[in-house]
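[1] sequence and computational prediction follow.
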Amino acid sequence: MNTLSVIHKTAADLRVEPNLLDYEKTRKTFTWEAARTELPGGGLNIAWETVERHTTGALRDKTAFRFLSATAPPRDLSYGDLSRLTNRFANVLRKLGVAKGERLFILAGRIPELYIAMLGSLKNGTVVSPLFSAFGPEPIATRVNLGQCKVLVTTDFLYLRKIEKWRETMPSLKHVLLIAEDDGQTNIPGTLDFASLMADASEAFEIEPTTAEDMALLHFTSGTTGMPKGAIHVHGAVVTHYVTGKYALDLHADDIYWCTADPGWVTGTSYGIIAPLLHGVTSIIDCEEFDAERWYRILQDEKVSVWYTAPTAIRMLMKAGAETTKQYSFPQLRFVASVGEPLNPEAVWWGKQVLGLPIHDNWWQTETGGIMIANTPAFDIKPGSMGRPLPGVEACIVRRNETTGEIEVIEEPNTDGELALRRGWPSIFRGYLNNEERYRKCFVDELYLTGDLARRDADGYFWFIGRADDIIKSAGHLIGPFEVESALMEHPAVAEAGVIGKPDPMIGEMVKAFVSLNKGYTESEALRRELLGHARKRLGAAVAPKEIAFLSSLPRTRSGKIMRRLLKARELGLPEGDTSTLEGGASA
Amino acid sequence: MTENEVQQIALSVLASIAPEVDGEQLQADQPLRKQVDLDSMDWLNFLLGLNEKLRVEIPEADYVRLVTLNDVVKYLVAKLP
């Protein structure tokens, strides 16, 4: 198969008229000011634009979210239900004395309470940070402390497993609200029962006034040298969520939409909660883990028309085989998009051949808050490319001069460099919490430097090459090697640890750790397992290494930094590159 | 091979992926992934490990039936070569 060829779109490929039809013209005439006026509230409060404004109109009784679970019948929440329940939750917070700007974290699976707590918090002006429920106790505590979290909403099950024993390491935590996983009531000392608080709260609530620049969401992302960074997002970001839902996901009012991302990651919030509500569509939320047949059945039975998923899931569906796909049919499905890591050309073509629809890759980051570069329905796809910048987004390829710190924009097509974006779209992050210096380092003049290496071809399509740093991309999630190394170093046997992303055909990269041992410890399978268990207990399966290897010592630079790049090159059997800064010389 | 022997093998495969698990604490009739923190890759590796150890083919279509440790053991015993 020629993976460099192009998938041409014809009128027959389009079941509805795409929202973005004339790329050049729309880009020329588009302004964020005009886009803002398409939102009745002017984009000042996310909860108003997503929920409250719909409650007096035709959408009041329309299903906003349909929750699917393996053990219970589907549960639907209409836009009207969502308004009432989020009002109740906002009242719960007010009664607890939680003020505007204070922070609430949510640690839960994709259950209705997560959605209600998030939107209710935004009504109260409370800043929300969703955490991935597969995180272990350490990543949770690190983020809670960095974010000075005052209220935690979680389930009784997760609390007992991941919080209770570590609670005193999180002094900012004032209230813990527990959702009973068996739908009953919780009764654990030092916590409050979510259901009882909700039952006692009023359904009337006046949204706390916010401005477009008020902090709304805190999304943690991984750093390469330090602990995670809390990217600050504001209420005004909602304008980007609206515009990208319109152009990149092509949402139309009658769509049944399924975003498979977990709200613990930015995609699951921006596009699993906010964007679909802005467009008044019905969203499918599956509370279960990935299962190929289950997913095909959902696409079929729920009549999903727009599907936003991730490369790892697509590759797992490919692995399940075409025979499985053939047992299902999805005549309503009309648009499929993917994000998280670059989608390999084979997967784009697989979509075309097996689903009957090519898969549209797009690109963005936690820091950008919304989709920036995308393949959209009306335009040709070059499989392997992330597409072209959306209206309102100016992207370019730059070269950094390491000595002067200056930036040179590369106009020549097909030249490798760092992907940069011109400041000015509403959802750009407004800072890393308590880390002004790292925030400032992301910008040179008006350009945001993404840390992703890419090239642009002569047709204006962008192609991802790799990360400019050591951050690991596993199953679409960013994992900071430092966080993993720190956890390993806490074990008395470990003298030093270096963590890399080892390429994996299914999940992109898997976390692999190299450790050297302290005196008195010897390499053994038992110790390897002990370290693996140690890391998994602290970090959780999603972050912990899948492989651990022993080395007598780790390669370090003269300044003492572990050379993860060299570890990776050795793992892959690649040339080791310039090792002149290596401690002990290049022969190491 | 008895159910008990198969269960021991399943637990040893599980311990190679998630060494933090205490086999004694596992409730064999409760969903395994509720009790053990396994992501999708761990789960696939668990099933692949069983396949290697016991030479039992586990087609993807059957994954959905393997929820508890008991499910896994019964399934394997029925399909042992």
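    Looks like it arrived, so ask away.

[2] tally of neighbours for A:Glu436?
    10 (other C-beta atoms under 10 Å in any protein chain shown). (Each C-beta comes from the backbone N, C-alpha and C, glycine too.)

[3] repeat for A:Asn435
    A:Asn435 has 16 neighbours, counted by other C-beta under 10 Å.

[4] what's the answer for A:Lys25, then?
    A:Lys25, neighbours per other C-beta under 10 Å, totals 10.

[5] what of A:Glu38?
    Neighbour count of A:Glu38, defined by other C-beta under 10 Å: 13.

[6] touching chain A at all, the helix or strand of chain B with the lowest mean pLDDT?
    Least confident helix or strand of chain B, by mean pLDDT, DSSP states H and E, is helix B:32-35 with a mean of 88. Yes - interface with chain A: helix B:32-35 contributes B:33-34 (C-beta under 8 Å from any C-beta of the partner chain).

[7] please, where are all the helices along the stretch 101-250 of chain A?
    Secondary structure of the stretch 101-250 of chain A (DSSP state H, counting those that start in this stretch): helices at A:112-123, A:137-146, A:156-162, A:194-200, A:238-247.

[8] same question for chain B.
    With DSSP state H, the ranges of helices along chain B come out as B:3-17, B:32-35, B:40-54, B:69-79.

[9] mind putting these in CSV, mean neighbour count included?
    Formatted as CSV, the helices of chain B follow (neighbours: other C-beta atoms under 10 Å in any protein chain shown):
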stretch, mean neighbour count
helix B:3-17, 17
helix B:32-35, 17
helix B:40-54, 18
helix B:69-79, 17
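
[10] which of those helices has the lowest mean pLDDT?
    Lowest mean pLDDT of these: helix B:32-35, a mean of 88.

[11] residues contacting that helix, please?
    A:157, A:289, B:25-27, B:38, B:43, B:67-69, B:72 (C-beta atoms under 8 Å, 6 or more residues apart in numbering or on different chains).

[12] run the chain-centre distance for the least confident helix or strand of chain B.
    Mean-position distance between helix B:32-35 and its chain equals 11 Å (C-alpha atoms, centre = their mean, to the nearest Å).

[13] spell out which parts of chain A neighbour chain B.
    Listed as neighbours of chain B in chain A under the rule C-beta under 8 Å from any C-beta: A:134, A:136, A:157, A:289-294, A:312, A:316, A:319-321, A:324, A:475, A:504, A:506-507, A:510, A:529-530, A:532-534, A:536-537, A:540-542, A:546.

[14] and if we set it to 6 Å?
    A:290-293, A:320, A:507, A:529, A:532-533, A:536-537, A:540-542 (C-beta under 6 Å from any C-beta of the partner chain).

[15] check the gap between the most far-flung residue of chain A relative to its centre and A:Gly405 for me.
    Relative to the centre of chain A, and counting by C-alpha atoms, centre = their mean, the farthest-placed residue is A:Gly520 at 42.0 Å. Counting by C-beta to C-beta, to the nearest Å, the separation of A:Gly520 from A:Gly405 is 46 Å.

[16] do B:Asp62 as well
    Remark: distance between B:Asp62 and A:Gly405 (C-beta to C-beta) = 57 Å.

[17] okay, the two: which has more neighbours?
    Using other C-beta under 10 Å, the more surrounded residue of B:Asp62 and A:Gly405 is B:Asp62, with 14 against 9.

[18] please name the nearest non-neighbouring residue to that one.
    Excluding the flanking residues, the one nearest B:Asp62 by C-beta to C-beta, 6 or more residues apart in numbering or on different chains is B:Tyr75, at 7.0 Å.

[19] B:Tyr63 now?
    Excluding the flanking residues, the one nearest B:Tyr63 by C-beta to C-beta, 6+ apart is A:Asp291, at 6.2 Å.

[20] reformat the helices of chain B as CSV; add distance to A:Tyr79.
    Shown next, in CSV, are these (distance: least, C-beta to C-beta, whole Å):
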stretch, distance to A:Tyr79
helix B:3-17, 43
helix B:32-35, 32
helix B:40-54, 33
helix B:69-79, 40
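
[21] who wins for proximity to A:Cys259 among those helices?
    helix B:40-54 (17.6 Å; C-beta to C-beta).

[22] you'd agree A:Leu449 is up against A:Ala420?
    Yes - judged on C-beta atoms under 6 Å, A:Leu449 makes contact with A:Ala420 at a distance of 5.3 Å.

[23] kind regards, and thank you for your time.
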